[in-house]
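Trainee: Sequence first, predicted coordinates after that:
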Amino acid sequence: MVTHRTAWLTTLLTGVTNAFGPTLLPILVAVGCALWWWRTRRWRDPVLLIGAMLLAVGVSSLVKMLVARPRPDETAMTVPGVETSFSFPSGHTIGAATLVLVLGYLVWSRRGGARALVGWVIVSVLLVALVGGSRLYLGYHFTTDVLAGASLAVGVLGVVVLLDVTLPVLRDRRAVAGPGPVGSGGLRSSMDRATAF
């Protein structure tokens with residue numbers, strides 16, 4: 001990829017990588033979630049998305065420290081833009097994949113439909129390929145960095161799905177059980193507050 005760079009493609013993919021980088025992406029997600037809450041007056045789904053993004057950052061940072069793989073040689077990176085943090089996994093890829101997978105799941109699980117599911121899968125694959133490909137083309141990552149980032153995002157999606165399915169069940173159990181005996185507060189009331197979505 002490095003040997004076949006062209007000026008227009010480098011400009012385009014630099015824009016892609018900047019949009020899904022650690023500076024711009026959190027701002028876009030925060031603004032998007034604020035608008036989501038404002039339009040729906042429901043905070044559960046925006047909180048799940050923000051939580052997923054934070055989990056992805058935490059997992060990516062932890063794995064980077066544990067693996068400590070150096071970046072590709074600096075001469076392969078576009079100039080300016082040399083990155084010196086660890087390479088494995090690709091933070092841009094896990095961020096983009098988490099965003100599109102979790103957002104797509106939240107929309108699809110509320111509206112359903114086979115066409116929506118197919119559209120979600122196609123958009124997810126294309127966006128992750130675009131962001132991951134931009135990281136490879138610009139010389140910032142190895143292929144396994146990008147694949148690991150996408151794989152970890154699938155794991156984050158699994159956590160979101162588990163929470164999304166489990167929280168209503170816990171809430172329903174609490175509603176059926178009713179309030180505990182007077183003066184039994186403590187742990188019970190803490191659990192109630194934690195699961196009150």
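Mentor: Structure's in. What do you need?
Trainee: what helix or strand does P89 sit in?
Mentor: Under the criterion of DSSP states H and E, P89 resides outside all helices and strands.
Trainee: show me the contacts for the residue nearest the centre of the chain.
Mentor: For the chain, the residue nearest the mean C-alpha position is T98 (2.3 Å; C-alpha atoms, centre = their mean). The contact partners of T98, by C-beta atoms under 8 Å, 6 or more residues apart in numbering, come to 52-53, 55-56, 153, 156-157. Where C-beta positions appear, they are placed from N, C-alpha and C, glycine not excepted.
Trainee: rerun at 6 Å
Mentor: By C-beta atoms under 6 Å, 6 or more residues apart in numbering, the contact set of T98 is 52-53, 56, 153, 156.
Trainee: Check the gap between it and V107 for me.
Mentor: Distance, T98 to V107, using C-beta to C-beta, to the nearest Å: 15 Å.
Trainee: Same check on T14?
Mentor: Using C-beta to C-beta, T14 is found at 29 Å from V107.
Trainee: And the pLDDT for W36?
Mentor: We note a pLDDT of 84 for W36 in this prediction.
Trainee: In what element of secondary structure is it found?
Mentor: helix 24-40.
Trainee: Disregarding flanking residues, what is the spatial nearest neighbour of A148?
Mentor: P89 (3.7 Å; C-beta to C-beta, 6 or more residues apart in numbering).
Trainee: Provide a list of residue ranges in the protein with pLDDT below threshold.
Mentor: 79-81, 168-197 (pLDDT under 70).
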